[in-house]
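Asks: quick one: sequence and predicted model below, then my questions.
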Amino acid sequence: MKSKFLTAGLIAAMMIPAAASAATSPGELRRDRQDIRQEKRDVRQAVRYGDRRDVREEHRELRGARQEYREDARDWKRDRRYANWHAPFRYRSFAVGTRLGTRYYAPAYRLAYDARWHLPRAGAGLTYVRHYNDLLLVNLRSGAVVRVHRGFF
């Protein structure tokens with residue numbers, strides 16, 4: 001009998017972190033944006049064909065959908081993999097065409113592609129590199145900066 005309760009408790013404890021992390025998935029943010037679009041359509045429909053109560057109710061639902069999206073986006077930004085990151089060298093603002101030294105795009109600073117960024121994948125011979133809060137797309141052969149996204153993180 002004790003083993004059943006212990007097993008049930010362990011299963012519940014393992015499921016709680018999984019449920020907490022599921023709210024910050026890229027799919028969740030995408031669904032939130034779809035909900036906002038749907039609520040905007042509902043507001044337009046209520047303005048066109050409904051009375052004041054309908055319009056007021058649809059505006060409330062739109063506000064709720066936007067709030068949920070903001071909360072999920074905030075949770076995603078708090079993801080510990082991207083927080084408080086600093087390189088062992090000073091910040092420098094790079095421009096497109098600048099050639100980087102190899103230490104700036106060493107494997108430790110290369111980032112795996114993440115769909116949550118809403119950026120295209122790096123092509124062959126290119127990689128994304130984090131430089132403090134900037135995201136750089138770098139040519140691995142020449143070290144040239146192909147694209148700069150300032151303040152990305």
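Replies: Done, it's in.

Asks: list the buried residues of the helix or strand hosting Val138.
Replies: Element membership for Val138 (DSSP states H and E) is strand 134-139. Using 16 or more other C-beta atoms under 10 Å as the test for burial, strand 134-139 gives Asp134, Leu135, Leu136, Leu137, Val138, Asn139. The C-beta positions use only the backbone N, C-alpha and C, and glycine is treated the same way.

Asks: ok, Thr102 to Val145 distance?
Replies: Using C-beta to C-beta, to the nearest Å, we find Thr102 at a distance of 14 Å from Val145.

Asks: domain parsing for this protein?
Replies: Per automatic domain parsing, the domain ranges recorded for the chain read 2-78, 82-149.

Asks: tell me the bridge partners for Leu137.
Replies: Tyr128, Arg147 (DSSP bridges).

Asks: for it, what are its contacts?
Replies: Ala122, Leu126, Thr127, Tyr128, Val129, Val145, Val146, Arg147, Val148 (C-beta atoms under 8 Å, 6 or more residues apart in numbering).

Asks: buried subset of these?
Replies: Among those, those buried by neighbour count (16+ other C-beta under 10 Å) are Ala122, Leu126, Thr127, Tyr128, Val129, Val145, Val146, Val148.

Asks: dihedrals phi and psi, Gly125?
Replies: Main-chain dihedrals, Gly125, degrees, to the nearest 10: phi 80, psi 0.

Asks: identify the residues contacting it.
Replies: Contacts of Gly125 by C-beta under 8 Å, 6+ apart are Asn139, Leu140, Arg141.
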